[in-house]
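Enquirer: Structure of the sequence below:
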Amino acid sequence: MKYSLLVFLMCFTVFSYSQETENDSTYITSFKHKIMLKANINTQTESYSIQNNDTENFSLTANNNFKFTLSANYEFLGISIGFSPKARNLPYKTSFQDIKVNLFIKQWIQNIQYRRVRGFYRDGEILEGMQEEFPNFKTISWNGATSYVMNPNFSLKHVLYNTEWQRKSAGSLIPSLRYGYQRISDYVLDDKEVQNFYNLSIASDYYYTWVLEKNWFVTPSISPAIGVRFTNYALGDINEQNTLFTTALDLGLYFGYTSPDFVAGANFNFDSKASNAKSKTNIISDRSYAKLYFGYRFNAPKSAKRSVDWLKEKVKKK
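Expert: Residues are numbered from 1 along each chain as shown. All right, here's what the predicted structure looks like:
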């Protein structure tokens with residue numbers, strides 16, 4: 001049933017797409033020649049469901065209730081770095097790294113992400129006033145996504161990266177190919193437990209931006225996806241491999257303020273993921289989180305402009 005629902009939603013977003021296809025310069029103002037510096041804070045947590053035996057499972061959560069991200073976008077390149085402070089209410093900490101690189105090439109957007117999290121605690125179980133710690137539980141992932149904005153009068157760069165300004169209301173279907181590798185490891189007694197996940201999925205994203213009173217906007221989004229996951233589990237002499245079919249449904253609501261120099265806003269997201277079978281460790285599905293951001297645009301220094309122009313010339317010659 002859940003697979004039928006996801007396929008229906010993907011087909012619905014395709015067949016309901018009826019936006020303009022001719023480029024109209026009055027819809028979007030570009031700020032790609034300015035540097036956009038942005039800071040945000042979000043409440044998304046890292047959680048996993050652990051299969052302890054055939055009948056029991058429990059959840060692990062990273063000790064970082066808030067994450068901070070600093071990003072810079074200029075011309076066709078964007079870079080962001082995420083980190084998380086130690087929570088004061090727990091005696092141990094989580095090591096967290098999140099680095100993203102974004103490439104903007106006309107209506108194409110390419111994302112590459114490296115993420116590393118180490119240090120988790122067990123949800124719900126408190127012994128002698130302390131939650132059980134899993135300091136060696138670690139996850140490393142490399143993820144990528146290739147997306148194409150079908151309507152040239154809709155700016156996904158305005159909604160997600162703030163390098164453009166959507167001046168008139170518009171929406172677009174955005175087909176996306178997502179792929180990634182994730183490694184989860186821990187120690188069980190003296191043996192190292194390792195799981196490898198190879199993910200591939202296709203998504204049919206749809207965004208629509210309503211422009212309100214020139215500077216304000218509201219953008220809802222829906223993103224159904226289906227895919228396949230290849231897993232490998234190793235512990236001592238045990239080695240298991242599985243092929244799983246996956247589904248995902250992401251819902252988003254974005255709103256904010258845009259001007260030539262300043263941007264600010266908030267995002268609300270709900271993510272639901274599922275697979276047709278359980279592995280030893282699964283990402284917990286049905287998560288909602290919020291993000292607040294603010295940013296400032298300014299003219300690029302001559303040194304940055306020269307470097308980007310030099311890179312453009314090198315790319316053109318190849």
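
Enquirer: got the contact list for the residue nearest to residue 143 when sequence neighbours are not counted?
Expert: Once flanking residues are discounted, residue 143 sits nearest to residue 180: 3.6 Å by Cβ to Cβ, 6 or more residues apart in numbering. Using the backbone N, CA and C atoms, a C-beta is placed for each residue, glycine as well. Counting by Cβ atoms under 8 Å, 6 or more residues apart in numbering, residue 180 makes contact with 113, 141, 142, 143, 144, 197, 198, 199.

Enquirer: which stretches of the protein form helices?
Expert: Secondary structure of the chain by DSSP state H: the helices cover 2-15, 156, 302-317.

Enquirer: Tally up the residues packed near the residue nearest to residue 214 when sequence neighbours are not counted, please.
Expert: Ranked by Cβ to Cβ, 6+ apart and with sequence neighbours excluded, the top spatial neighbour of residue 214 is residue 167, at 7.9 Å. Residues contacting residue 167 under the criterion other Cβ atoms under 10 Å number 19.

Enquirer: got a list of what the closest residue to residue 250 other than its chain neighbours touches?
Expert: Closest residue to residue 250 apart from its sequence neighbours, by Cβ to Cβ, 6+ apart: residue 223 at 4.1 Å. Contacts here follow Cβ under 8 Å, 6+ apart; on that basis residue 223 touches 176, 203, 204, 205, 206, 248, 249, 250, 251, 252.

Enquirer: Can you name the residues that contact the residue sitting nearest the centre point of the chain?
Expert: Taking Cα atoms, centre = their mean, the centroid of the chain lies closest to residue 113, which sits 8.5 Å from it. If a contact means Cβ under 8 Å, 6+ apart, then residue 113 has 98, 99, 100, 101, 141, 142, 143, 144, 180 as its contacts.

Enquirer: ok, of these, which come out buried?
Expert: Applying 16 or more other Cβ atoms under 10 Å to those, the neighbour count classes 98, 100, 141, 143, 180 as buried.

Enquirer: which residues pair with the third one across the strands?
Expert: Which is residue 141. On the basis of DSSP bridges, residue 141 is bridged to residue 115, residue 182.

Enquirer: where in this protein is pLDDT low?
Expert: The model of the chain has pLDDT under 70 over residues 1-22, 51-56, 86-93, 124-131, 275-287, 312-318.

Enquirer: State the number of residues packed around the nearest residue to residue 156 once chain neighbours are set aside.
Expert: Nearest non-adjacent residue to residue 156, counting by Cβ to Cβ, 6+ apart: residue 149, 5.2 Å away. Residues lying near residue 149 (other Cβ under 10 Å) number 20.
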